[in-house]
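K.L.:
no FASTA, just this:
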């Protein structure tokens, strides 16, 4: 079973950018959709974006062009580009796999990574 592993988080200032990576540590992402979620302190897990091997992508409304998801199928990595970061983007960012053809709901994502922390200072 494929296991996602996240990296790329860190401490940045407001307005900065980060690129998060979600890599398949075992197997490949080929048959899966891969989604990015975040969990803010005291809040439920929140969908950000997802990408499928067909090229289909989905975004949450709050993204508003600031975040971009992309897949490199040859490297089994899914990226999440975070631009114009705000303090309210501070959260644990996780990626997960789904066999669903299209979904924004965490319940449809079966295998999760440990997450990478993003902290944005004002």
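P.N.:
That came in fine, so what should we check first? Just so it is clear, the model here is predicted, and its values are computed rather than measured. Residues are numbered from 1 along each chain as shown.

K.L.:
contacts only, for the most centrally placed residue in the chain.
P.N.:
With distances taken as C-alpha atoms, centre = their mean, the chain has residue 36 as the residue nearest its mean C-alpha position (2.3 Å). Counting by C-beta atoms under 8 Å, 6 or more residues apart in numbering, residue 36 touches 20, 22, 48-50, 69, 78, 80, 93-95. All C-beta spots, glycine's among them, are computed from the backbone N, C-alpha and C.

K.L.:
kindly state the beta-bridge partners for it.
P.N.:
Note on residue 36: beta-bridge partners residue 49, residue 95, judged by DSSP bridges.

K.L.:
need the contacts of residue 36 in a markdown table with distance to residue 101 and neighbour count, can you?
P.N.:
Rendered in a markdown table, the data for those read as follows (distance: C-beta to C-beta, whole Å; neighbours: other C-beta atoms under 10 Å):
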| residue | distance to residue 101 | neighbour count |
| --- | --- | --- |
| 20 | 24 | 25 |
| 22 | 19 | 28 |
| 48 | 19 | 24 |
| 49 | 16 | 22 |
| 50 | 11 | 27 |
| 69 | 16 | 22 |
| 78 | 17 | 28 |
| 80 | 21 | 27 |
| 93 | 24 | 23 |
| 94 | 21 | 23 |
| 95 | 18 | 30 |
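
K.L.:
wait, which of those is closest to residue 28?
P.N.:
Comparing those against residue 28 with C-beta to C-beta picks out residue 78 as the nearest, at 11.5 Å.

K.L.:
who does the host helix or strand of that closest one pair up with?
P.N.:
With elements taken from DSSP states H and E, the one containing residue 78 is strand 77-82. In the sheet containing strand 77-82, its partner strands are strand 18-24 (antiparallel), strand 67-72 (antiparallel), by DSSP bridges.

K.L.:
so which of those strands gets nearest residue 8?
P.N.:
In terms of C-beta to C-beta, the element of these nearest to residue 8 is strand 18-24, at 4.1 Å.

K.L.:
rounded mean pLDDT for the closest one, please.
P.N.:
Per-region confidence: strand 18-24 scores 97 on mean pLDDT.
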